[in-house]
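Visitor: sequence unknown, structure follows:
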């Protein structure tokens, strides 16, 4: 991915989104001291890693959720907080925007509603972009 990013035109608008199976340092303060113990019960072979999000952030991307979260944490997995009673879940899914596109983001959130609770084991991320044609 590093080489692909370097090949992009300077004015490219880039969005990278999905289930990264990676944590974000932005959320670390929201996790309780028992987070790692609880997490290991459900994902014993998955290391606690910030590698993917750190790479994108270090390469000029912005986590769209943090643009409008006002410092608040909101989980997107699991949809039921009963699996992680201590920390109320975590975030694995992200929409990352490079600086050129982040300036066009007018809203972002994690949709935790009755409908989205039933559609997947992850709540969806949502952004609104205002992009004008040249």
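Guide: Right, received. Where do you want to start? Here the structure is a predicted model, which means the values were calculated and not measured.

Visitor: Report the distance from the helix or strand bottoming out on mean pLDDT in the chain to the chain centre.
Guide: In the chain, no helix or strand scores lower on mean pLDDT, DSSP states H and E than helix 35-42, which sits at a mean of 74. On the basis of Cα atoms, centre = their mean, to the nearest Å, helix 35-42 sits 19 Å off its chain's mean C-alpha point.

Visitor: What residues sit buried inside the next helix or strand after that helix?
Guide: Downstream of helix 35-42, the first helix or strand assigned by DSSP states H and E is helix 51-58. Across helix 51-58, burial judged by 16 or more other Cβ atoms under 10 Å covers 52-53, 55-57. From N, CA and C alone the C-beta is placed, and that goes for glycine too.

Visitor: For helix 51-58, name the packing helices and strands.
Guide: Helix 51-58 sits against strand 93-98, with contacts defined as 3 or more Cβ pairs under 8 Å, 6 or more residues apart in numbering; DSSP states H and E.

Visitor: All set now, cheers.
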